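> Quick one: sequence and predicted model below, then my questions.
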Amino acid sequence: MAIWTGNESSFKVQTEVEIPLPKMRDLLVSALEGGSNYWVDQLKFDFGDKKKEECVMLDEYSEEPLPLKYVLPFFPGTSLLIKPVEERKYYELNLTVICHGLQEMANVFPVHFKNILEDNDDAETADVFLQVALFGELVYG
């Protein structure tokens, strides 16, 4: 669906794209290891009704299990709980939040979203994604 932006020279076009799960995992790793580590204070795991042993993804290169913090949000019914510095509240990162964050990123931060699609993302892009997913906007930095 195309939407006229009110500017005589542009239209906003919504389209559907697929982003592979490994790409999203890499984005989360980049956020937690570099892009967002200046504001992420603590992590907790919410397994929902799953057992920890059910939440395993293997690294495609080494066949070793990936750290739980990088895979838990991608299992239905589970969440990675993230507490920002100087806050008492934990924010929930799960499949629903990730999908909503991607859509918001495409709408509000199209340059960063394009970087994800073109494998040109970096720690900044990963930070923008995590903040938009959790808060709906950029809060830090």
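Sure thing, it's come through. Numbering: from 1, shown residues only.

> Return the residues in contact with Gly136.
Contacts of Gly136 were listed using Cβ atoms under 8 Å, 6 or more residues apart in numbering, and they are Glu104. To be clear about C-beta, it is placed using only N, CA and C from the backbone, and glycine gets the same treatment.

> can you rerun that using 10 Å?
Contacts here follow Cβ atoms under 10 Å, 6 or more residues apart in numbering; on that basis Gly136 touches 97, 100-101, 104, 108.

> And those residues, which of them are buried?
When the contacts of Gly136 are checked for burial by 16 or more other Cβ atoms under 10 Å, the buried set is 97, 101, 104.

> which SS class is the nearest residue to the last one once chain neighbours are set aside?
Going back to what we said before, that points to Glu104. Closest residue in space to Glu104, ignoring its immediate chain neighbours: Val132 at 5.0 Å, by Cβ to Cβ, 6 or more residues apart in numbering. Following DSSP: H, G, I helix; E, B strand; the rest coil, we place Val132 in the helix state.

> my guess is Val132 contacts His112, does it?
Yes. Here Val132 lies in contact with His112, judged by Cβ atoms under 10 Å, at a distance of 8.7 Å.

> Of those two, which one has the most company?
Val132 (25 against 20; other Cβ atoms under 10 Å).

> Alpha carbons of stretch 50-61, in PDB - could you do that?
Extracted in PDB, the C-alpha atoms of stretch 50-61 (Å, rounded to 0.1, in the frame of the first residue of the first chain):
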ATOM      1  CA  LYS A  50       9.500 -23.900  28.800                       C
ATOM      2  CA  LYS A  51      12.500 -25.600  30.500                       C
ATOM      3  CA  LYS A  52      15.900 -24.100  30.100                       C
ATOM      4  CA  GLU A  53      17.000 -27.200  28.100                       C
ATOM      5  CA  GLU A  54      14.300 -26.500  25.500                       C
ATOM      6  CA  CYS A  55      15.800 -23.100  24.700                       C
ATOM      7  CA  VAL A  56      18.900 -24.100  22.900                       C
ATOM      8  CA  MET A  57      20.200 -22.900  19.500                       C
ATOM      9  CA  LEU A  58      23.500 -24.100  18.100                       C
ATOM     10  CA  ASP A  59      26.100 -21.900  16.500                       C
ATOM     11  CA  GLU A  60      26.000 -22.700  12.800                       C
ATOM     12  CA  TYR A  61      29.800 -22.700  12.600                       C
END
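
> Alright, that wraps it up for me.
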